[in-house]
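Participant: Just need the structure, nothing else, for what follows:
(chains A and B)
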Amino acid sequence: MRFSISALLALSLVTLPDLASAHHSIQAQFDIYKTITVAGTVARIEFINPHSYLTVNVKDADGKVTKWAFEMTGLAGLRRAGLSRADRGGLKPGDELTVIALAARDGSNSGLAQELKMADGRDFKLLADAPDAPPATSR
Amino acid sequence: MPVSSRIIATAAVICFAGALLLAQGPAPRPRTVNAPPKPAGATPHAPDGHPDLTGVWNGLGDNLNGVPNQLANNGIVIESETAAHDLHGGQVVTVFPRNTNGAQNNEVAERAASLLRRSGSNRPIYKPEYWDMVKYNDHNANEEDPSNNCMPAGVPRGAIPSYIGQFPTYMMFVYPGQGGLIATQTMYRMIPTDGRKHTPLQELDGTYTGESIGRWEGDTFIVDSWGFNANTWFDQIGGYMHSENMHVIERFHRDGNTLTWTATVEDPDYLLEPWTTTPRVALLNPRPDAMLPESQPCSERDLAHTVTKEHH
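Facilitator: Next up is the predicted model:
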């Protein structure tokens, strides 16, 4: 499969301020010390409760498409990160990108999106560290 | 912004993202403490002489759907980086992690916030045979919370509506869906104030908001409700289940730009005695052209992927 999962142990403390009050505990679903990297194309972006979702189509060498689901911050957080309408610099279905996310603890094709790197060079950081957090060493 | 406030504000941001997007001016400013707001300004009155409750009651930056915030909702008020107390009993509560903007392990912060929410002293008293079930509900809330998968929060868990429209013979209450501590769908209530009486309880099919009848007692608006189903809990946290025989009396009192709300829950099946919430205070949206924004639809996709019982 084309996507690579690099399980990188975060040596620094991971802070996720924008999702701290999600309707479930972050650590009940995601491994806050394990990052995955998934490359594909945007299938769908949904601004919904309780979490926004980005669905990514990931194609393997045989052309088989697997869907990945990435939970994201709320609308305001996305907007702060520069993500809104596609014609204001946001995503649209078909865009190629690489998603850096916290891994799902149940091993499913999902994660908590931290950063979106677009093929054209745009880079959206969705879950910034706290202002005085030590520099992240894992990404 | 202090971390705890940021947690609250973030939840509010999730809920009010639509409001922020639609705002044509400065958005309500997030507060750095969560003490109930002090009233200001005059209380408007309707032509019939009663206070006019009409308005968009989402004026707090840390406000979840017209509720001041969910920490204060559960009886804990944070006044500064180092001071917090139990609104009901008055006791000082230890704030951990410290309420600052410093970097923190989110895992620790989440767990600490969960504990803090449960340190309030104002709790309903269940009949002893139901104590284990309430504890089970709270411990297993990811699976057991009947509202957390985009169902209605119900009454009185929905607390203060984000919009109230006051008309001569009825009130209109609107509660946007939440994406904060719980994930719920939008709920509305049309509450008659024309003097009608309740339908006998046994003739009602239980619903999420029940049969509500409004009346005035002086300057306080009373909403008397029964006819509920048993598929909601009656406070934000705690696993507080109720029966179809629950009877709820809500009191709304407007003082200038604030609206103070309490609910008294009677449940002869489960509770030893009626229980009254710690008063909650909503703030009027200060914008003269305030509108209630569209509530994002709710689609719950996470609970099937949770691998531990941790929750808020």
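
Participant: The closest residue to A:K92 other than its chain neighbours and chain B, how far apart?
Facilitator: Among residues not flanking A:K92 along the chain, A:A86 sits closest, at 3.8 Å (CB to CB, 6 or more residues apart in numbering or on different chains). Quick note: C-beta positions are derived from backbone N, CA and C, even for glycine. Applying CB to the nearest CB, to the nearest Å, the value for A:A86 to chain B is 15 Å.

Participant: per-residue confidence at A:A86?
Facilitator: Listed pLDDT for A:A86 reads 83.

Participant: does it really touch A:M118, like I thought?
Facilitator: No - counting by CB atoms under 8 Å, A:A86 does not reach A:M118; the two are 11.5 Å apart.

Participant: Would you state the strands of chain A in chain order?
Facilitator: For chain A, the strands defined by DSSP state E occupy A:8-9, A:30-46, A:52-59, A:65-72, A:96-104, A:110-118, A:123-125.

Participant: what's the answer for the stretch 151-300 of chain B, then?
Facilitator: B:163-167, B:170-175, B:187-192, B:211-217, B:220-226, B:247-255, B:258-266, B:275-276, B:280-283 (DSSP state E, counting those that start in this stretch).

Participant: Same question for the stretch 1-150 of chain B.
Facilitator: B:55-56, B:76-78, B:84-86.

Participant: Contacts for the first one next, please.
Facilitator: The list of residues contacting strand B:55-56 from outside it, by CB atoms under 8 Å, 6 or more residues apart in numbering or on different chains, reads B:S162, B:Y163, B:I164, B:L284, B:N285, B:A290, B:M291, B:L292.

Participant: Go ahead and build a PyMOL selection from the buried members of these.
Facilitator: Selection of buried members from the contacts of strand B:55-56 for PyMOL, criterion 16 or more other CB atoms under 10 Å in any protein chain shown:
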select buried, chain B and resi 162+163+164+284+285+290+292
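
Participant: For A:H51, grab the count of nearby residues.
Facilitator: 25 (other CB atoms under 10 Å in any protein chain shown).

Participant: so how far is B:S295 from the residue of chain A found nearest chain B?
Facilitator: Using CB to the nearest CB, the closest approach of chain A to chain B is made by A:L75 at 2.9 Å. Remark: distance between A:L75 and B:S295 (CB to CB, to the nearest Å) = 12 Å.

Participant: now do B:P161
Facilitator: B:P161 is 12 Å from B:S295, by CB to CB.

Participant: Those two - which one has more neighbours?
Facilitator: B:P161 (28 against 23).

Participant: hang on, the earlier thing: nearest to chain A among the contacts of strand B:55-56?
Facilitator: Nearest member of these to chain A, counting by CB to the nearest CB, is B:S162, at 14.0 Å.

Participant: Need phi/psi at that closest one.
Facilitator: phi -80, psi -20 (degrees, to the nearest 10).

Participant: Any figure for the gap between the residue lying farthest from the centre of chain A and A:A39?
Facilitator: Distance from the centre of chain A peaks at A:D62, with 24.9 Å (CA atoms, centre = their mean). To A:A39, A:D62 is 16 Å away according to CB to CB.

Participant: Same question for A:K59.
Facilitator: On the measure of CB to CB, A:K59 and A:A39 end up 9 Å apart.

Participant: How about B:S212?
Facilitator: Distance from B:S212 to A:A39, by CB to CB: 53 Å.

Participant: Which one's more surrounded, those two?
Facilitator: A count of neighbours by other CB under 10 Å puts B:S212 above the other of B:S212 and A:A39, at 20 against 17.

Participant: For the more buried one, give me its contacts.
Facilitator: B:V155, B:R189, B:I191, B:V223, B:D224, B:S225.

Participant: most neighbours, which of those residues?
Facilitator: Neighbour-wise, these (other CB under 10 Å) top out at B:V155, 27 neighbours.

Participant: Present the strands of chain A as CSV; the columns should include distance to B:E143 and mean pLDDT.
Facilitator: Shown next, in CSV, are the strands of chain A (distance: least, CB to CB, whole Å; pLDDT from 0 to 100):
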stretch, distance to B:E143, mean pLDDT
strand A:8-9, 30, 28
strand A:30-46, 18, 93
strand A:52-59, 21, 95
strand A:65-72, 19, 95
strand A:96-104, 18, 95
strand A:110-118, 19, 94
strand A:123-125, 33, 91
